[in-house]
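Participant: can't give you the sequence, but here's the structure:
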Ligand SMILES: Nc1ncnc2c1ncn2[C@@H]1O[C@H](COP(=O)(O)OP(=O)(O)OP(=O)(O)O)[C@@H](O)[C@H]1O
Ligand SMILES: Cc1ncc(CO)c(N)n1
């Protein structure tokens with residue numbers, strides 16, 4: 001019998017296309033060798049062309065899922081993705097007062113890559129005041145930086161300014177992702193702990209298929225936090241993981257295909 005692997009909880013929405021959301025999280029977590037747990041927040045109607053609608057899961061059911069897995073199975077690290085509403089954010093904050101989920105990564109998902117809104121306008125304040133102060137790490141993209149801080153990021157120097165503004169909201173660490181800095185020939189992610197900036201520089205691949213990149217990155221980071229690694233160590237692993245997963249992205253449907261963590265499982269025959 002195998003030993004119990006580390007457990008990572010994702011509090012996120014379902015993507016019927018299997019490219020992003022909790023499906024991307026579970027895929028990445030599996031490839032990273034940890035057991036994935038889910039608290040579903042919303043069910044989106046989504047494919048490679050975009051999101052055409054979603055229904056929210058009742059906030060008390062979201063909290064109950066977190067409580068159920070934390071009290072029985074135990075959670076070594078957790079992340080949030082699509083949270084949909086202020087009521088769900090309040091319920092998540094409430095249950096985190098009662099149960100321990102270890103290091104807590106907030107990926108402040110506000111919209112799909114096609115621009116469809118996944119978070120109610122009036123939920124931004126709850127995100128800022130209830131979740132950011134609890135977060136071990138927040139991982140916004142540049143659109144989310146603008147929504148949360150009002151800052152427009154146009155350069156690597158702006159990424160640092162944004163990291164400072166986000167850190168002032170209370171998270172222990174901030175990772176400002178540079179995937180949307182389209183003029184930059186490389187993808188720079190900037191990590192900040194209130195004192196020091198650490199830069200994670202990677203290539204910018206000319207691929208159309210980057211659906212789920214943010215979810216995959218945050219899940220890979222969580223898989224290492226769950227093993228007790230420090231945030232900079234876990235982000236180093238996550239950045240390498242996402243670069244390889246973007247390189248392995250595949251077409252799917254008529255629109256944007258997903259990044260793929262499957263490269264990590266290839267070549268592993270039976271018994272290896
Ligand atoms: N074309 C690319 N080539 C290589 N790395 C990329 C590319 N696009 C994004 N990345 C990396 O993927 C990660 C996610 O970045 P991004 O800023 O796109 O987040 P995101 O918008 O939250 O992702 P998504 O909404 O697509 O899930 C970052 O580490 C970023 O540097
Ligand atoms: C459910 C869901 N979560 C997150 C994203 C953003 O990648 C998405 N498109 N769909």
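Facilitator: Happy to help now that I have it. These numbers were taken from a predicted model, which means no experiment stands behind them. Ligands and ions are numbered 1, 2, ... in the order given.

Participant: how about the residues of the stretch 101-250 of the chain near ligand 2?
Facilitator: 109, 112, 212, 214-215 (C-beta under 6 Å from any ligand atom). C-beta coordinates here come from the backbone N, C-alpha and C atoms, glycine included.

Participant: For ligand 1, tell me which of those residues show up nearby.
Facilitator: Checking those against ligand 1 (C-beta under 6 Å from any ligand atom), the matches are 212, 214-215.

Participant: picking up where we left off before, closest one of the residues of the stretch 101-250 of the chain next to ligand 2 to residue 72?
Facilitator: residue 215 (25.1 Å; C-beta to C-beta).

Participant: Okay, the residue lying closest to residue 106 once chain neighbours are set aside and residue 246: tell me how far apart.
Facilitator: The shortest distance from residue 106 to any non-neighbouring residue, by C-beta to C-beta, 6 or more residues apart in numbering, is to residue 135 (4.2 Å). Remark: distance between residue 135 and residue 246 (C-beta to C-beta, to the nearest Å) = 25 Å.

Participant: Tell me the strands beside whichever strand or helix holds residue 199, with direction?
Facilitator: Applying DSSP states H and E as the criterion places residue 199 in strand 197-203. Applying DSSP bridges to the sheet, strand 197-203 is found paired with strand 186-192 (antiparallel).

Participant: do the partner strand and ligand 1 meet?
Facilitator: Yes. Contact check for strand 186-192 against ligand 1, using C-beta under 6 Å from any ligand atom: residues in range are 187, 189.

Participant: and that strand, which residues are buried?
Facilitator: Buried residues in strand 186-192, defined by neighbour count with 16 or more other C-beta atoms under 10 Å: 187-192.

Participant: cool, stretch 102-118 as well?
Facilitator: 102-113, 118.

Participant: In space, what's closest to whatever residue of the stretch 1-150 of the chain ends up closest to ligand 1 - neighbours in sequence excluded?
Facilitator: Here the stretch 1-150 of the chain gets closest to ligand 1 at one residue, residue 141, 3.4 Å apart by C-beta to the nearest ligand atom. Among residues not flanking residue 141 along the chain, residue 177 sits closest, at 4.9 Å (C-beta to C-beta, 6+ apart).
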